[in-house]
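I'll drop the sequence and a predicted model, then ask my questions.
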Amino acid sequence: MMRHFLNLSDAGGDAVAAMLNDALDRKAGRAGWPKGKADPDAPLADHVLAMVFEKNSTRTRASFEVAIRQLGGAPMVMAGDQMQLGRGESIADTARVLSRYADAIMIRTDDHSKVEDMAAHASVPVINGLTDLSHPCQIVADLLTILESGKALPGLELAWLGDGNNVLSSLIEAAGLLGFNIRAGCPQGYEPDAAFVDAARAQGARIDIVADAREAVAGADLVVTDTWVSMGQDHAHNKLAAMAPYQVDERLMGAAKGDALFLHCLPAHRGEEVVDAVIDGPQSRVWDEAENRVHAQKSILLWALGKL
Ligand code: CP
Ligand code: NVA
């Protein structure tokens with residue numbers, strides 16, 4: 001069966017754990033190397049990764065490019081608005097054609113049904129590089145960053161602050177698959193997707209949605225936030241006003257455990273969801289998190305292509 005990676009549950013908890021182990025090993029094995037040097041086994045030599053971006057990206061684009069090179073393969077990057085896709089060619093036909101040029105396809109788009117459509121018509125694995133619904137690649141990097149800090153995933157208490165968005169959906173999915181707990185502080189009307197919450201709870205994770213920001217972070221091992229306005233959303237004044245109490249500042253960070261870490265998928269909107277003192281402070285791991293996108297995606301690619 002084709003290994004698409006549209007959400008973390010497409011792989012499952014054991015495969016995500018295997019990806020994390022592989023990423024830790026490969027990262028350790030190339031410490032200090034030039035970033036373009038291929039891993040010695042070059043497991044994806046001669047492979048091409050096609051990437052389609054219908055939304056902006058810095059980290060996902062750059063880290064997938066480096067990832068496929070380090071695996072011995074080559075990237076092919078396309079902006080949706082410069083493709084015939086942007087003039088009405090269907091996702092299905094695009095999927096059929098790109099499958100003849102590339103060994104895997106990554107797509108970043110708006111409506112999640114588009115990645116499902118791509119997967120349904122591609123004859124190579126399709127990877128979700130972010131949709132309005134979820135951002136699974138980001139969360140593999142986040143989990144890697146947590147493990148590197150010496151914290152174990154089972155039983156971990158993660159606090160989320162702000163918008164119940166695509167990144168939170170994939171974090172909740174990970175909590176169900178890997179056995180950690182999330183307390184999300186979200187304003188009314190901006191709670192996370194109920195289907196992800198229900199699925200994680202059914203797998204035994206404790207997922208609490210609370211309105212009070214301090215309650216969300218109390219006893220947390222990890223404090224995580226993201227932009228209040230995701231790509232494609234309006235900068236609605238009433239949304240920003242509703243989010244204001246959830247800004248991660250030093251006082252809020254101080255209400256978590258003393259050794260709590262701060263993560264943010266980036267790009268950050270300093271002075272909105274997080275203040276400089278936190279994102280630039282000693283508890284922040286955001287630059288490791290961004291670097292780990294490379295290492296995580298190498299393992300996602302290896303899994304998708306049946307090498308893991
Ligand atoms: N975190 C993340 O996906 O960043 P980009 O939007 O820059 O790819
Ligand atoms: N929630 C953000 C994540 C960006 C990486 C967005 O969708 O814009």
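Sure thing, it's come through. Ligands and ions are numbered 1, 2, ... in the order given.

what helix or strand is the residue nearest to Val66 when sequence neighbours are not counted on?
Nearest residue to Val66 in three dimensions, chain neighbours excluded: Val294, at 5.0 Å (Cβ to Cβ, 6 or more residues apart in numbering). Using the backbone N, CA and C atoms, a C-beta is placed for each residue, glycine as well. Secondary structure assigned from DSSP states H and E places Val294 in helix 286-304.

Alpha carbons of that helix, as CSV, please.
As requested, the backbone C-alpha atoms of helix 286-304 are provided in CSV (Å, rounded to 0.1, in the frame of the first residue of the first chain):
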residue,chain,number,x,y,z
VAL,A,286,12.7,27.4,18.6
TRP,A,287,15.9,27.5,16.6
ASP,A,288,16.6,23.8,17.3
GLU,A,289,13.0,23.1,16.4
ALA,A,290,13.4,24.9,13.1
GLU,A,291,16.6,23.0,12.4
ASN,A,292,14.9,19.7,13.3
ARG,A,293,12.5,20.2,10.4
VAL,A,294,15.4,18.9,8.2
HIS,A,295,16.1,15.8,10.3
ALA,A,296,12.4,15.0,10.8
GLN,A,297,11.6,15.3,7.1
LYS,A,298,14.4,13.0,6.2
SER,A,299,12.8,10.3,8.3
ILE,A,300,9.3,11.1,6.9
LEU,A,301,10.6,10.7,3.4
LEU,A,302,12.4,7.5,4.3
TRP,A,303,9.2,6.1,5.8
ALA,A,304,7.0,7.2,2.9
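
Is ligand 1 within reach of it?
No - interface with ligand 1: helix 286-304 contributes nothing (Cβ under 6 Å from any ligand atom), its closest point being 7.1 Å away.

If you count neighbours, what's buried in that helix?
Buried residues in helix 286-304, counted by 16 or more other Cβ atoms under 10 Å: 286, 289-304.

Stretch 268-288 now?
Ala268, Glu272, Glu273, Val274, Val275, Val278, Ile279, Gln283, Ser284, Arg285, Val286.

Just the endpoints, please. Distance across stretch 124-142?
Its start and end residues considered, stretch 124-142 measures 26 Å (Cα to Cα, to the nearest Å).

Can you name the residues of the stretch 101-250 of the chain that neighbour ligand 1?
So the stretch 101-250 of the chain meets ligand 1 at Leu130, Gln138 (Cβ under 6 Å from any ligand atom).

Would you map the strands across the stretch 101-250 of the chain?
Counting by DSSP state E, counting those that start in this stretch, the segments of the stretch 101-250 of the chain that form strands are 104-108, 126-128, 157-161, 181-185, 207-210, 222-225.
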